[in-house]
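S.K.: after the sequence you'll find the predicted model.
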Amino acid sequence: QVRLVESGGGLVQAGDSLTLACVINGRTFSTWAIGWFRQAPGREREFVSAISWSSGITRYADSVKGRFIARRDNAKNTVYLLMNTLSPEDTAVYYCAVDTNWISLGTRDHDYDYWGQGTQVTVSA
């Protein structure tokens, strides 16, 4: 069984930075990719970024490219999302998810098999 636990959310001001962490409890595999998604109130969940567990290659949504960085620490079974230059439009619940057999870094919900419970990020103007 795979369990994902996100942390690091909070209330920040526009322009600030924040780092989210996603700890993966259980065995990990080189075929995995880890995705970050977010859901703002009244909106559908959207793709933010993804990173390959083995190679570390990444993919980002256009809305966060150049501001967010995904990293993984295989020894700690943890994936991080470094978020810089935050704006109120980044306010959302952020989720991490695991694709257990990725072919390409997916951007859709159904590409992923396991999900965390989410962590709230609120950016004030």
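M.R.: Perfect, I can see it now.
S.K.: could you give the bridge partners of Ile69?
M.R.: Beta-bridge pairing of Ile69, defined through DSSP bridges, involves Leu82.
S.K.: going forward, begin numbering at 318 instead of 1
M.R.: Okay, using 318 as the starting number, the last item reads as Ile386.
S.K.: what is the burial count for it?
M.R.: Ile386 has 16 neighbours, counted by other CB atoms under 10 Å. Where C-beta positions appear, they are placed from N, C-alpha and C, glycine not excepted.
S.K.: cool, Phe364 as well?
M.R.: Counted with other CB under 10 Å, Phe364 comes out at 22.
S.K.: tell me what the helix or strand hosting it is packed against?
M.R.: Per DSSP states H and E: Phe364 is located in strand 363-369. Counting by 3 or more CB pairs under 8 Å, 6 or more residues apart in numbering; DSSP states H and E, the packing neighbours recorded for strand 363-369 are strand 350-356, strand 375-377, strand 385-390, strand 395-400.
S.K.: export the ones you listed to CSV and append columns for mean pLDDT and distance to Asn342.
M.R.: Output for the helices and strands packed on strand 363-369, formatted as CSV (pLDDT from 0 to 100; distance: least, CB to CB, whole Å):
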stretch, mean pLDDT, distance to Asn342
strand 350-356, 97, 13
strand 375-377, 97, 23
strand 385-390, 97, 14
strand 395-400, 98, 10
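S.K.: what angle separates the strand holding Phe364 from strand 350-356?
M.R.: Interaxial angle, strand 363-369 versus strand 350-356 (axes from the mean of the first three to the mean of the last three CA atoms, to 10 degrees): 160 degrees.
S.K.: just checking: what are the partner strands of strand 363-369?
M.R.: strand 350-356 (antiparallel), strand 375-377 (antiparallel).
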